[in-house]
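Student: Structure for this input, please:
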Amino acid sequence: MQLNATDGLETMERPAGDVTASRPDANPVGGRGPTSRGRDLLARVALVAVWSSGFISGKLGLQHSAPYTFATLRFAIAGSVLLAIALARRAAWPGWRLTGHLAVTGILVQAVQFSSIYVGMDLGVPSGLAALIIALYPLAASLLAVPFLHERVTRGQYLGLVLGLGGVALAVAGNIHLNGDYVVGLGFLVLALAGISAGTVYQKRFCRGMEPVTGNAVQLLAAAAVSLPPALFAEGFAVAFTADYWPVLLWAALVNSIVGVGLLYTLLQRHGTSQVSSLFYLVPMATAGLAALALDQHLSPLMLAGLILATAGTLLANRIRT
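Tutor: Take a look at the predicted model:
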């Protein structure tokens, strides 16, 4: 699996004095080529689509297995596939120090985030509300990136982030019905938000030199190892391997875990954390669109209004570079 991640890795190996080092897509004449722009736009669209489909696959997967069990199977399958690819390609393996950093990132981004999302939805939190909470990731990651990555977030980007958050809130406002049954589930979703926010900042700080296939394999296998104990001892590894379950599980493992996270890391290597994370404001809207197609759920006027506002905020945040 390539995912064009080597484009970003090559630029990180340039000398500190190289002017083009801060611009992974710079070309020899000093401009950004149309091919590079097109690939970057495609990567952003794909990231939103793939990440949004994760809420659908998760909701369907929970109909056949317990949350930690579903997460463990997802991580184990994805990690095993990448491990096989790495061995076949004789890819370079990271040293022990980088392996430790990769394991930490995998536990945060994969295990903490997705396991907690599954538990939250299993406890009754609607997928729209779950997507809204995770959509707070741009603000959380941008604030963490300022002290830890020394990124500069401009006023225009903050305005775009706030507009995006307002659009998300408006879009799902009609679906939020809080009561005592949701409290524990909401707590797990906040934990998921903390996982992806801290994990992506940690990834950019400590895992810049990772080889994409072996690096993701280490992260996924570490996530599987962490989610396995609760799957075994708290859930009894409850799963029903039916014909309907396998497509959902394989989509979550191969597309959501491998392609989705790979796209995220590729974009993080090319751009600032706040710029990339702002794309997550579109995830609840895209999730609603996929749910309308797959589950025959129609978009409300509030959802459409929120889509417009969130899109405007995302475009603003991505237009102004860090």
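Student: from what I can see Leu161 touches Tyr137, true?
Tutor: No - using C-beta atoms under 8 Å, Leu161 is not in contact with Tyr137; the gap is 10.4 Å. In short, each C-beta sits where N, CA and C put it, glycine included.
Student: Figure out the helix or strand that the closest residue to Met121 other than its chain neighbours lives in.
Tutor: Spatial nearest neighbour of Met121, chain neighbours left out: Ala130 (5.6 Å); criterion: C-beta to C-beta, 6 or more residues apart in numbering. Element membership for Ala130, per DSSP states H and E: helix 127-134.
Student: Let me know the average pLDDT across that helix.
Tutor: Regarding helix 127-134, the rounded mean pLDDT is 78.
Student: Stretch 313-322 too?
Tutor: 60.
Student: go on, stretch 96-104?
Tutor: 95.
Student: and what of stretch 63-78?
Tutor: 96.
Student: Over to stretch 231-246?
Tutor: So the average pLDDT for stretch 231-246 ends up being 95.
Student: Next up, the contacts around Leu108.
Tutor: Gly195, Ile196, Ala198, Gly199, Tyr202 (C-beta atoms under 8 Å, 6 or more residues apart in numbering).
Student: at 6 Å instead, please
Tutor: Residues in contact with Leu108 (C-beta atoms under 6 Å, 6 or more residues apart in numbering) are Gly195, Ala198, Gly199.
Student: ok, now Leu60?
Tutor: Val248.
Student: same thing but at 10 Å, please
Tutor: By C-beta atoms under 10 Å, 6 or more residues apart in numbering, the contact set of Leu60 is Phe70, Asp244, Tyr245, Pro247, Val248, Leu249, Trp251, Ala252, Ala294, Leu295.
Student: picking that back up, helix or strand next in line after the helix holding Ala130, which one?
Tutor: helix 137-149.
Student: Next, the buried residues of that next one.
Tutor: For helix 137-149, the neighbour count (16 or more other C-beta atoms under 10 Å) marks Tyr137, Pro138, Leu139, Ala140, Ala141, Ser142, Leu143, Leu144, Ala145, Leu149 as buried.
Student: Can you point out the buried residues in the helix or strand just after it?
Tutor: Remark: after helix 137-149, the chain's next helix or strand is helix 155-172, criterion DSSP H and E. Neighbour counts over helix 155-172 (16+ other C-beta under 10 Å) mark 157-158, 160-161, 163-172 as buried.
Student: before we move on, the earlier item: show me whatever sits in contact with both of Leu161 and Tyr137.
Tutor: Counting by C-beta under 10 Å, 6+ apart, the residues touching both Leu161 and Tyr137 are Ser277, Ser278, Tyr281.
Student: pLDDT value on Gln219, please?
Tutor: 95.
Student: helix, strand or coil for the residue nearest to it when sequence neighbours are not counted?
Tutor: Leaving aside its sequence neighbours, Gln219 sits nearest to Gly106 (C-beta to C-beta, 6+ apart; 2.7 Å). Assigned state for Gly106: helix (three-state reduction, DSSP: H, G, I helix; E, B strand; the rest coil).
Student: again, but for Phe241
Tutor: Phe241 ends up coil, using three-state DSSP.
Student: Just name the closest of the contacts of Leu108 to Thr99, please.
Tutor: Gly199 (15.9 Å; C-beta to C-beta).
Student: Go through stretch 82-96 and flag the buried ones.
Tutor: Buried, per 16+ other C-beta under 10 Å, within stretch 82-96: Leu82, Leu83, Ile85, Ala86, Ala91, Pro94.
Student: Report all helices and strands that the helix or strand containing the third one contacts.
Tutor: Translated: Ile85. Under the criterion of DSSP H and E, Ile85 resides in helix 67-89. Packing partners of helix 67-89 (3 or more C-beta pairs under 10 Å, 6 or more residues apart in numbering; DSSP states H and E): helix 34-61, helix 113-122, helix 212-233, helix 245-250.
Student: How far does the third one sit from its chain's centre?
Tutor: Yep, that's helix 212-233 we're talking about. 16 Å (C-alpha atoms, centre = their mean, to the nearest Å).
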